[in-house]
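Engineer: Just need the structure, nothing else, for what follows:
(5 chains, ligands or ions: 4)
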Amino acid sequence: MREQNQKLALQFKNVDFHYKNDAGGIPILKNMNLSVADGEFVSIIGASGSGKSTIFRLIVGLEEQTGGSIYLNEKRVTDRSGKVGYMPQQDLLMPWRTVQQNAALPLELHKESRLGRRAVPDLLEAFGLKGYEDKYPHELSGGMRQRVSFLRATLSGSNVLLLDEPFSALDAMTRLFMQEWLLEQWEEQQSTILFITHDISEALFLSDRIFVITDTPFTTLKEIEVPLERPRRQQDSDKKEVMKLKNNLLEQFRMRV
Amino acid sequence: MREQNQKLALQFKNVDFHYKNDAGGIPILKNMNLSVADGEFVSIIGASGSGKSTIFRLIVGLEEQTGGSIYLNEKRVTDRSGKVGYMPQQDLLMPWRTVQQNAALPLELHKESRLGRRAVPDLLEAFGLKGYEDKYPHELSGGMRQRVSFLRATLSGSNVLLLDEPFSALDAMTRLFMQEWLLEQWEEQQSTILFITHDISEALFLSDRIFVITDTPFTTLKEIEVPLERPRRQQDSDKKEVMKLKNNLLEQFRMRV
Amino acid sequence: MKNYLYSIILITVFLMIWEAGARFVHASFILPAPTEIAIKLWELKAELLLYHLPVTLAVIAIGLGISLVLGVILAISMNISETLEKAIYPILITSQTIPIIALAPIFVLWFGYSIWSKVIVTIIITFFPITVSTFDGFRSTSKELKELFQTLGASKRQLFFKLEVPSALPSFFSGLKVAVPMSVIGAAIGEWLGAQAGLGYFSRRMMTQFNGAGVFAPIVVLSLIGILLFITVVLLEKYILKWRRS
Amino acid sequence: MKNYLYSIILITVFLMIWEAGARFVHASFILPAPTEIAIKLWELKAELLLYHLPVTLAVIAIGLGISLVLGVILAISMNISETLEKAIYPILITSQTIPIIALAPIFVLWFGYSIWSKVIVTIIITFFPITVSTFDGFRSTSKELKELFQTLGASKRQLFFKLEVPSALPSFFSGLKVAVPMSVIGAAIGEWLGAQAGLGYFSRRMMTQFNGAGVFAPIVVLSLIGILLFITVVLLEKYILKWRRS
Amino acid sequence: ACGSDNEESKAEKKETNTVSIMLDWYPNAVHSYLYVAEEMGYFEEEGIDVDIQFPANPTDPLTLAASGKVTIGLYYQPDVIAARANEDIPVKSVAAIVREPLNRIVYRSDDPINSPKELEGRQVGYPGIPVNEAIVKTMVEHDDGDYEKVDMINVEFELGSSLISEQVDAVSGMYVNHEVPVLQSEGHEIDFINPVDYGVPDFYEIVAVTSDETWDAEQENIEAFWRAARKGYDFMVENEEEAVQILLDYQDEVNFPLEKEIETESLSILLPKMESEQGFGTQDRASWEETANWLKEYGVIKEIPDIDDIFVNIE
Ligand SMILES: Nc1ncnc2c1ncn2[C@@H]1O[C@H](COP(=O)(O)OP(=O)(O)OP(=O)(O)O)[C@@H](O)[C@H]1O
Ligand SMILES: Nc1ncnc2c1ncn2[C@@H]1O[C@H](COP(=O)(O)OP(=O)(O)OP(=O)(O)O)[C@@H](O)[C@H]1O
Ligand SMILES: [Mg+2]
Ligand SMILES: [Mg+2]
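Structural biologist: Residues are numbered from 1 along each chain as shown, chains lettered A, B, ... in the order given. Ligands and ions are numbered 1, 2, ... in the order given. Below is the predicted model of the structure:
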C-alpha cells in the first residue's frame, strides 16, 4: 500500500450548488463536505443524473459553487481553471492533432512550463505510445486513445486528476487491462485520482475509498473503504469481503432503478 | 435448471469459410464442427477479429459457407434467411418506427403469420414496454431499446436466437440488470440462445456453455461448462469455481493482447 | 417570435436606412424607397398576382415537378444498379462544377419562347441537388439494418419500401429544401432570356421603363414565393418525418 | 482512372450521339456538333484565352475574394457575439430562399458596365454558402473540447486558434467547394447583364451572330475554369486537412 | 441630386475629359462617323477621349445615360419622350442622328404577313425597347386590327436568330439598312413592312441622349464631342468608301463581323436620312411635337411633356 500523507489534496466545505434554468434551479449539492487526501484513489458511483459529473465541473471551475468553498492542496482557490488535470468521458482527442500534439496541449497552453516539454517523449514511451507519436487519433485503438487522454491530463502538471468514466467506451476485455494499467501509472505518478464510474467492480478494484451518491441533492456522500491491499490484481476482487461489498452495493442500486 | 432435451437446435458439420477480398481470402473457419442443444444458452468469447460475428453471419445466411453444412433443428437448410432470430450489436432500431412497429417488423415481413400479431401487445407488456408502444426509439433509454430489439428477434418466430454483443453499448449498471432480465426471458420463451460477448463475467453468468475462440482460423472451439445451477443471481458468479474459471480465461486473453 | 427579435430590429433599421438613403438620392428609378415599392406592389397587385404570378408559378411547378420525377427515378436507378451508379454519379458531381446555366440562351433557340425554355433552366438548376441528395439518402441506409432485413427474409421490394425509402427521406428533404429556392431563381433567370409574361420578365421590363419600384415589386413577390414554398417543404418534412420531433 | 471507366464510356457515347444528331439536324447555329465546337475553340483560342478569360477570371477572383473575406469575418463575428448571431443568422438563412439574383439587372444601373456589377452578382451568389458553412463549422466545435480547454486555463485567443479554427476548417472547405462553381456561374450571369468582354458576354454575343459553336466554345472554357478551381480547392483541402486521410 | 457616387465619377470624367458613348446596337455603318472622328483625330483635337461602348441589353443606352453611367447613349426619339413623360426621368436629346425610321416589321417570306392586321394571333419578337410596342400598336390599329391579340415577346438581341429559328413569326426592331441585308446575305428569305405606311410618323430613329445632370456638368465636353462628330460626319459624306473602310478596320471581327458590301450599301441608304439643312444633328421642335402627339394618341404617354426640356441643339 502506498504511503498517504495527511495533507489534503481536495476539500469541499459546505458547498452549495444548483444549475440555473428556465424553471428555477436544479439543486445538486447542499452544504456538502468532502475531503480527499493527497495520493488517494477515490471513486464516485451513483445513478445517472445524480450529480457525479457536477462535482467534477465544480472542481475544474466550469461551474461556480453558489455557496461554501473548495480547497485545492489546502489552499482556497477561486479561479481553478488550469489547476487540475481532467480526463473526460470518452477520449476527446482532437482529430487534427497527432498523438504527441494532443498529449502536449497543456504545455502548449502554458508557455512557462518549458521544462516539461522535454519530458514528453519519455512519457510517451512510459505510456506505451512509442512509435505512435505522429499518428492521428483515428489510427489508434480505443485503449491507446484513452492512454493519450490520460497522458494529457497528467501533463497538466497538477497532482489531482479527475477521470469521468474514462473507460465506458471500451470493450470489456480492454477495460480490464486499462484498469490495471491505470493503477500502475497512478503508483508511479504519485498523483491523487478521483474516478467516476457506473461499474461497481471497477470502483472496487481501483479505489481506496468509494463515495456513493444515494440521493440528489446530497449533503454527504456515503463512504466505503475498500478492504484490499496494494498492489492489486484482478483476482483480488474475488475476495469474500469485496464480494459482499459489491453485492450490497448492487442491491442498493437495484432498488433504485 | 431448465430441462434440455437432446434435440440439437444448431449444428455445424465440417464447415469451411473464408472472406473473399482483393488479396485472396481470409480463412476464418476450417472444417469446423459445433453443436448447440435445443434450449441451451451458449456464449462465444474471443479476441476482436477472431471470427465470432462471422459464425453468426453464416447461421443467418448473410454469408455462404464454402464447404460443409449447417443444420437448423436437425434439418439441413440452404436458404437460412428468416429462419433464425438475430439481435445485432447495438439496438439497430429504425428511428422512424415506433416501439410497436419496430418490434412487429418480422410479422410484417411474413404476412402468413397473422396469428402472431395479436400476441404483440401482450409481449410488449411482458417485456416491460407497456405504455411505450407509440414512442420512438430516441425517446427510450438504452436498456429499453435493447428490450425492443430482443422482442423483435423473438418475434421472428424462431426457437434459435443469436445475440451479438447486445449489451456492449449499455453502462455497467444497466448491463447487469439487463443480463438478469435476459435470463428470465430465456427461461420463459424456452428458446436457444447464442450470445457473443467480450465480457467474461457476462458469459459466465449467462451461459450453460462457453465457446472460446483461441486461434483464427479455427477448427474446434474450446468448450467450457459453467458450473452453476439455474436460476441464477449476480452473486452466484462469486462462487469459487466460477472465479477460478474466470481468472483462467482472463490470463489466457492477457497473453494474447 | 421572440427568437427573431434581433433580426426584426436589424431588418427594420436596414429598411429605415434604405428609406432615408432613397429619399436623399431621390432617383427612384435607380434606388426606389421601400415605401415606394410597397405602394407600387399595392397598385400592381392585380397585374402581378393574377397575370404574372401564375406564369412564373407554372414554370416553377413544372420545372420542379420534372426535376423531382427524373431526379428520384435516376437516384433509384443508381441505387439499384451499381453500373449505372458508377457511370452516372461522377458525371453528376462533375456537372455541378460546370456552369451549364450559361448555356441557357441557346435553350431559347431549342424550345422557343414557350414555357419550356424557362422550365429547362429551372430543371437544370434544381435537378442536381434533388438527385444527389436523394441518392446520398439511399446510400446512407445502414448496412447493418439491411442485413437485419435480409436475416428476416425480406424481399427486395420490402427492403426498398420499408427500409431504403424511409432512410432516404431525410436527405431527400434536405435536397428539396435546397432546390425549392433555386427553382424560383431558375424561373426568374429563364424569364430574362426571353418571355412575354412572368415576374422575372416584368421586373426587367420595368427597368426599361425607368420604373425602379416596379423592378423591385415583382421581386418581392418572387421572394414571398420562395419563402412560402420553403415553408411548405419544411412543414411537409415535419409531418412526414414526425419521428424526428424531439 | 479505372473508377471512371463507365463514366468515360457514357460521355463518349453521349458525344457520339450528339455529333450524329448535329450532323443530321444540320443547323449548327441551333445545335453545333462537338467537333465543330472543338474546332471553334481552337480557332478562337487566342481571343478566348488572352482577351476574354482574364476578364472573367478577374471577376471570379475579386468576387470570391470579397465573399471569402466578408463571409469569414461575419462568421467569426457571429461566433463571438451571440447578439450578432441572433440578429444575422436567421436573415442569412432566409435570404437564401430569396431570389436576390433577380435584382441583378439593377446593379448595372448602379455600377455601369464596370467590373463591379459582375463582382456583386458573384458575391451575392457565393457569400451565403461561405458564411453559413464557416459559421456552422465554428458552431460544430465540440462543447466538451471547449470545456477541456477551459479546464486547462486556455485564453480566448488560444481557444479560437487552437480549437475553433481547426474545428471550423472542414465545414469551411465544404462551403468553399459549393461556392467555387457558383462563382463561375455568377460571373457568367453577371456578364449577360452588362459587359464588354468576358466569356459569358462572348457566348451571348455569338448567339446574335448565329454562331452556335461560338456559343458553346466559351462555355467549355468556363467549365474548365470551374473544374480547375474546384480541384484546386480539393487539393488545398487535402493538404490542410491531411489528418483526414485514412 | 443623384448620389455622391455619381458626382465622384463625374469629377473624374472632367479631369480626364473622357466622354463615354453607348451605341444603340453593335457597331455598323450608322456609327461610321464616330469611328472616322476617332481615326482622323478629331476627338483628340477637341481635347477629349472617347470611350465607345456596346450595350449588353438593348435598353441599356438610355438607362445608363439616365443613371449617369455613360455620358451619351444612342437611342430612339419616342423612348426619350416616354421616359420623360411617364417616369419623369431627366433625360434630353442633344442631337438627331438618323432622321427617319429605319425600323421595319420583318417576317419570313415563306410565312408572309401581308398587312399589319395579320399580326393578330402571331408572335412578334422585339428587343424589349418600348418604342416597338408603340410602332406595332399603331400599325395594327391603323390597319383596323386588335393590338391586344398580338403576342409581343421580348427577345433581347436575338431578333435574327429567333426569326430564323421560327421561334417567332415576325420581329420589330430590325433596321432596313443593316439587319435585313445581313440576314438576306446569309441566304434567308425575308420581307418587311414599313411602319410609316401604317400611321407611324416620321420620327427620329436615332438621337443622342444624355441626362440633365450630365448635361449641366459636362456641357463643354459634350459640345466638344459633337463638334468632332460633325467633322467625322462631314468627312464621311465626302469619302463614303474610306469611311466604310475605317469602320471595317475598327470592327471587332469575332464579336461583330461586318460585310463590306452590306455596310457600303447601308451607308448609302443612311446618308440621306442623316442629312439636315441646318447641319448634322440639328433637331426640329416640330418633329418632337409630332412624335409626342403620336405617342399620346396611341396611349403610350398620358401627358405631353415640356418639349423644351427634352431636347437641346448644340451650335
Ligand atoms: N449544464 C447544465 N444545466 C442544467 N442542468 C444540468 C446541466 N448539467 C447537468 N445538469 C443536470 O444536473 C443533474 C446532474 O447531472 P450530472 O451530469 O452531474 O449527472 P451524472 O451523475 O454525471 O450523470 P451520468 O452518470 O449520466 O453522467 C442532472 O439532472 C442534469 O440534468
Ligand atoms: N465482409 C467482410 N469481408 C472481408 N473480411 C471480413 C468481413 N467481415 C469481417 N471480415 C474479417 O474477418 C475477420 C473476423 O471478423 P468478425 O467480424 O467475425 O470478428 P469478431 O470476432 O466478430 O470481432 P469483434 O469482436 O471485433 O466484433 C476479421 O479479420 C475481419 O477483418
Ligand atoms: Mg456524468
Ligand atoms: Mg463482431
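
Engineer: Which stretches in the chain count as helices?
Structural biologist: If you meant another chain, say so; for now it's chain A. A:52-60, A:99-103, A:105-109, A:114-126, A:142-155, A:172-189, A:200-206, A:240-256 (DSSP state H).

Engineer: try again with chain E
Structural biologist: Taking DSSP H as the criterion, chain E carries its helices at E:4-16, E:32-39, E:42-45, E:60-66, E:77-87, E:130-142, E:159-164, E:179-185, E:212-238, E:240-250, E:260-274, E:285-297, E:307-310.

Engineer: In terms of secondary structure, what does the longest one contact?
Structural biologist: Using 3 or more C-beta pairs under 8 Å, 6 or more residues apart in numbering or on different chains; DSSP states H and E, the elements in contact with helix E:212-238 are helix E:4-16, strand E:18-22, helix E:32-39, helix E:42-45, strand E:91-98, strand E:206-211, helix E:240-250, helix E:260-274. Glycine gets a C-beta too; all of them are placed from N, C-alpha and C.

Engineer: neighbours around the residue lying closest to C:Pro218 once chain neighbours are set aside, how many?
Structural biologist: Closest residue in space to C:Pro218, ignoring its immediate chain neighbours: C:Leu199 at 4.0 Å, by C-beta to C-beta, 6 or more residues apart in numbering or on different chains. Residues lying near C:Leu199 (other C-beta atoms under 10 Å in any protein chain shown) number 30.

Engineer: Which neighbouring residues are in contact with C:Leu199, exactly?
Structural biologist: C:48, C:52-53, C:55-56, C:188, C:191, C:218-219, C:221-222, D:102 (C-beta atoms under 8 Å, 6 or more residues apart in numbering or on different chains).

Engineer: Could you check the pLDDT of residue 244?
Structural biologist: Defaulting to chain A. Listed pLDDT for A:Lys244 reads 85.

Engineer: You answered for a different chain; I wanted chain E.
Structural biologist: 91.

Engineer: Check the contact between it and E:Leu267; I expect there is one.
Structural biologist: Yes: using C-beta atoms under 8 Å, E:Val244 is in contact with E:Leu267, at 5.8 Å.

Engineer: returning to what we had before: want to throw the helices of chain A into TSV with distance to C:Thr141 and mean neighbour count?
Structural biologist: Below are these laid out as TSV (distance: least, C-beta to C-beta, whole Å; neighbours: other C-beta atoms under 10 Å in any protein chain shown):
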stretch	distance to C:Thr141	mean neighbour count
helix A:52-60	35	23
helix A:99-103	34	21
helix A:105-109	38	20
helix A:114-126	42	13
helix A:142-155	27	22
helix A:172-189	30	18
helix A:200-206	37	24
helix A:240-256	39	14
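
Engineer: And the contacts of stretch C:220-233?
Structural biologist: Contacts of stretch C:220-233 (C-beta under 8 Å, 6+ apart): C:37, C:41, C:48-49, C:52-53, C:56-57, C:60, C:173, C:176-177, C:180-181, C:183-184, C:188, C:199-200, C:203, D:94, D:97-99, D:102.

Engineer: Among those residues, name the ones in helices.
Structural biologist: Using DSSP H, these in helices are C:37, C:41, C:53, C:56-57, C:60, C:173, C:176-177, C:180-181, C:183-184, C:188, C:199-200, C:203, D:94.

Engineer: And the helices of chain E: which comes nearest B:Glu133?
Structural biologist: Nearest of those to B:Glu133, taken as C-beta to C-beta: helix E:159-164 at 65.1 Å.

Engineer: touching chain D at all, that closest one?
Structural biologist: Yes: legend: contact between helix E:159-164 and chain D by C-beta under 8 Å from any C-beta of the partner chain is shown at E:160-161, E:164.

Engineer: Now do residue 1, the pLDDT please.
Structural biologist: Since no chain was named, I'll use chain A. Looking at A:Met1, the pLDDT reads 42.

Engineer: that answer is for a different chain, and I need it for chain E
Structural biologist: E:Ala1 is given a pLDDT of 35.

Engineer: circling back: which one of the helices and strands packed on helix E:212-238 is the most hemmed in?
Structural biologist: Comparing those by mean neighbour count (mean count of other C-beta atoms under 10 Å in any protein chain shown), strand E:206-211 ranks first with a mean of 28.

Engineer: residues in contact with that strand?
Structural biologist: Against strand E:206-211 from outside (C-beta under 8 Å, 6+ apart): E:21, E:24, E:30, E:61-62, E:65-68, E:71-77, E:80, E:90-98, E:218, E:222, E:226, E:281, E:283, E:311.

Engineer: any low-confidence regions in the chain?
Structural biologist: Answering for chain A, as no chain was given. For chain A, the stretches flagged by pLDDT under 70 are A:1-5, A:22-23, A:112-116, A:255-257.

Engineer: wrong one, chain C
Structural biologist: Ranges of chain C meeting pLDDT under 70: C:1, C:246.

Engineer: where do the helices sit along it?
Structural biologist: C:5-25, C:34-43, C:45-46, C:53-80, C:82-96, C:104-111, C:115-139, C:143-151, C:156-158, C:165-192, C:199-208, C:212-240.

Engineer: Could you measure from the residue nearest the centre of chain A over to A:Thr192?
Structural biologist: In chain A, the residue lying closest to the centroid (C-alpha atoms, centre = their mean) is A:Leu163, at 2.3 Å. Note on A:Leu163: its distance to A:Thr192, by C-beta to C-beta, to the nearest Å, is 11 Å.

Engineer: just E:Glu158 next, same as before
Structural biologist: E:Glu158 is 83 Å from A:Thr192, by C-beta to C-beta.

Engineer: same deal with E:Ile246?
Structural biologist: 95 Å.

Engineer: I'd assumed A:Val60 was in contact with A:Ile70.
Structural biologist: No: A:Ile70 lies out of contact with A:Val60 (C-beta under 8 Å); the separation is 10.3 Å.

Engineer: Surely A:Trp186 touches A:Val42?
Structural biologist: No: at 11.4 Å, A:Trp186 does not count as touching A:Val42 under the criterion of C-beta under 8 Å.

Engineer: Are stretch A:242-257 and chain B in contact anywhere?
Structural biologist: Yes: Stretch A:242-257 comes into contact with chain B (C-beta under 8 Å from any C-beta), by way of A:243, A:246-247, A:250, A:253-254, A:257.

Engineer: burial measure for E:Asp257, as a count.
Structural biologist: Rather than Asp, residue E:257 is Pro. E:Pro257 has 12 neighbours, counted by other C-beta under 10 Å.

Engineer: Next, the contact list for it, please.
Structural biologist: D:209, E:251.

Engineer: how near is it to E:Glu186?
Structural biologist: For E:Pro257 relative to E:Glu186 (C-beta to C-beta), the value is 11 Å.

Engineer: Now do the contacts for residue 26.
Structural biologist: Using chain A here. Contacts of A:Ile26 by C-beta under 8 Å, 6+ apart are A:18-19.

Engineer: The intended chain is chain E.
Structural biologist: D:205, D:208, E:54, E:255-256.

Engineer: and the residue nearest to C:Gly175 when sequence neighbours are not counted, how many neighbours?
Structural biologist: The spatially closest residue to C:Gly175, leaving aside those adjacent along the chain, is C:Ser133, at 2.7 Å (C-beta to C-beta, 6+ apart). By the measure other C-beta under 10 Å, the count of residues near C:Ser133 is 22.

Engineer: Quick check: residues of chain E near chain C?
Structural biologist: Going by C-beta under 8 Å from any C-beta, the residues of chain E near chain C are E:1-3, E:59, E:62-63, E:66-67, E:82-83, E:86-87, E:89, E:123, E:125, E:128-130, E:151-156, E:158, E:161-162, E:165, E:167-168.

Engineer: which of these count as buried?
Structural biologist: E:2-3, E:59, E:62-63, E:66-67, E:82-83, E:86-87, E:89, E:123, E:125, E:128-130, E:151-156, E:158, E:161-162, E:165, E:167-168 (16 or more other C-beta atoms under 10 Å in any protein chain shown).

Engineer: re the thing from before, dump the contacts of E:Tyr26 to JSON lines, plus neighbour count and distance to E:Asp144.
Structural biologist: Shown next, in JSON lines, are those (neighbours: other C-beta atoms under 10 Å in any protein chain shown; distance: C-beta to C-beta, whole Å):
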{"residue": "D:Arg205", "neighbour count": "25", "distance to E:Asp144": "40"}
{"residue": "D:Thr208", "neighbour count": "19", "distance to E:Asp144": "35"}
{"residue": "E:Phe54", "neighbour count": "21", "distance to E:Asp144": "40"}
{"residue": "E:Asn255", "neighbour count": "21", "distance to E:Asp144": "43"}
{"residue": "E:Phe256", "neighbour count": "16", "distance to E:Asp144": "40"}
